[in-house]
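> Turn this into a structure:
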Amino acid sequence: MSAPEESATVPAAPAAPKFPPHPDVSRILGNIYISGVQPIVDHAPLKAQYGITHILSVLRLNIIPEYLVRKGYTLKNIGIDDTETTDLLEHLGETNKFFDEALFPNELEYDPKKVDFRKKPQRGGILCHCQAGISRSTSVVAAYLMYRYGLSLDQALHAISRRRAGTQPNDNFMAQLRLYEQMGAPRAVDCANDKLYKVWKLENMSLQDDFEIGDKFYKGDADEDNELQQLGKDARDDVTVVRCKKCRHRLALSTSFIPHTPPSRDSSESHFIRKAANSNRVIDIQESQSTCSHYFMEPLRWMEPELSKQELEGKLACPNCEMKVGAYNWKGSRCSCGKWVIPAIHLQTNRVDQFPLNKIALPNIVNFKARD
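Residues are numbered from 1 along each chain as shown. Model prediction:
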């Protein structure tokens, strides 16, 4: 009688995960996730599946989905539009703070220059989502990786793209992230005082059909003086003051100049070309001047009555004697050196005098209005 055959041992099938991963949720670094809006629409169990405790929505939501509130998520919605004129930089202080609160709650010090957070465990999880998880959420997460972990922009974008294919900030956001990198990736951009930001903001506003300069962009004498006090002695010694040539009224300090680099002598920008009317026929070519005839400026408080008219271009008059001292053009204008500057708010060098600030002793200002 033959021995009974041994029954084959069949390994048990692995248990199916309680919550299958959502195809649109991508883990980027640690407990940082990116997605489009679909996981929210699908009521995905983000907390149970991924340990996500905070959700940052960087798009315009008319209403926060009720189920997210019921499930106990910590929520923040910032209405960022995916356009070529949207200001991303002004929101980074808020987004970076929310990331910190999600990943490293109750820290006494958040300054990455004082504490190395690369050695600290993340204690929460955060999902940053926009409509498709391509541009807005990628830009916000990249900025946080630069600020918190000291990554370069290229490194931050690589950290994201290796985990989520197809991510790409739009051209406007990329330009702002490059600028953010130049600033040193602070937790929050000082929109009122950071010169790089203010120059970018003015150029960005000039691209819009309907724009208005916010009050924070105008600098008064007190603002310039405060900037002056923050400079070192050598830097202060280089500061000059610009006064109206007619009445000697103070118009600006050189700290409010927006510098530009004259084009090289062999570039097309360094030549002024005049063509015949209604024709491409060149009738005259002149070389640009070796010295600049304009001081391009940040918006100053005394300019506000004119700049607030929202005209495309106009003239700037001395607030004391009303002599023309400059002009502005939001679409840009050309300096005598040939450089095209956008937008162009400038004082004309032949209408003003410039003196070293620490060496002048001028007579009293002539008050023309009082005379009248």
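
> in the host helix or strand of residue 224, what's buried?
In this structure, residue 224 is located in helix 221-229 according to DSSP states H and E. Buried residues in helix 221-229, counted by 16 or more other Cβ atoms under 10 Å: 223, 224, 227. For glycine as for every other residue, the C-beta is placed from the backbone atoms N, C-alpha and C.

> From residue 249, how far off is the first one?
When you say that, I think you mean residue 223. Distance of residue 223 to residue 249, given as Cβ to Cβ, to the nearest Å: 17 Å.

> Please enumerate residues in contact with the following helix or strand past the helix holding residue 224?
On the C-terminal side of helix 221-229, the closest following helix or strand by DSSP H and E is helix 233-237. The contact list for helix 233-237 (Cβ atoms under 8 Å, 6 or more residues apart in numbering) reads 228, 356, 357, 358.

> could I have helix 233-237 exported to CSV, CA atoms only?
Below are the C-alpha coordinates for helix 233-237, written out as CSV (Å, rounded to 0.1, in the frame of the first residue of the first chain):
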residue,chain,number,x,y,z
LYS,A,233,30.4,103.0,8.0
ASP,A,234,32.2,102.4,4.6
ALA,A,235,28.8,101.9,2.9
ARG,A,236,27.4,105.0,4.5
ASP,A,237,30.4,107.0,3.2
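
> Could I get the average pLDDT for it?
What helix 233-237 shows for mean pLDDT is 82.

> Would you mind identifying the next helix or strand past that helix?
Moving toward the C-terminus from helix 233-237, the next helix or strand (DSSP H and E) is strand 240-244.

> Between helix 221-229 and that following strand, find me the angle.
160 degrees (axes from the mean of the first three to the mean of the last three Cα atoms, to 10 degrees).

> mean confidence score for strand 240-244?
Strand 240-244 comes out with an average pLDDT of 94.

> do stretch 27-43 as well
Stretch 27-43 carries an average pLDDT of 96.

> got CSV for the contacts of helix 233-237, with secondary structure, distance to residue 195 and pLDDT too?
Shown next, in CSV, are the contacts of helix 233-237 (DSSP: H, G, I helix; E, B strand; the rest coil; distance: Cβ to Cβ, whole Å; pLDDT from 0 to 100):
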residue, secondary structure, distance to residue 195, pLDDT
228, helix, 14, 83
356, strand, 21, 89
357, coil, 18, 81
358, coil, 22, 74
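
> So which of these is the closest to residue 263?
residue 356 (28.3 Å; Cβ to Cβ).

> Tell me, how many residues neighbour the closest residue to the closest one other than its chain neighbours?
Nearest non-adjacent residue to residue 356, counting by Cβ to Cβ, 6 or more residues apart in numbering: residue 240, 5.7 Å away. Residues lying near residue 240 (other Cβ atoms under 10 Å) number 19.

> Over to the one 3 residues further on?
Using other Cβ under 10 Å, the number of residues around residue 243 comes to 22.

> which stretches of this structure form helices?
38-41, 46-50, 66-70, 92-103, 136-149, 153-161, 171-182, 195-206, 221-229, 233-237, 304-307, 368-371 (DSSP state H).

> Looking at these, which is nearest to residue 29?
Taking the helices of the chain one by one with Cβ to Cβ, helix 153-161 is closest: 5.8 Å.

> From the contact counts, what lies against the closest one?
In this structure, helix 153-161 packs against strand 26-29, helix 136-149, helix 171-182, with contacts taken as 3 or more Cβ pairs under 8 Å, 6 or more residues apart in numbering; DSSP states H and E.

> which one of the ones you listed has the most crowded surroundings?
Most buried of the helices and strands packed on helix 153-161, by mean neighbour count (mean count of other Cβ atoms under 10 Å): helix 136-149, with a mean of 26.

> if we can go back for a sec, show me which pair in the contacts of helix 233-237 is furthest apart.
Longest span within the contacts of helix 233-237, Cβ to Cβ: 228 and 356, 13.0 Å.

> any shared contact partners between those two?
residue 239.

> quick one: the residue nearest the centre of the chain and residue 194, what's the gap?
With distances taken as Cα atoms, centre = their mean, residue 89 lies nearest the centre of the chain, 3.6 Å away. Separation of residue 89 from residue 194 (Cβ to Cβ): 9 Å.
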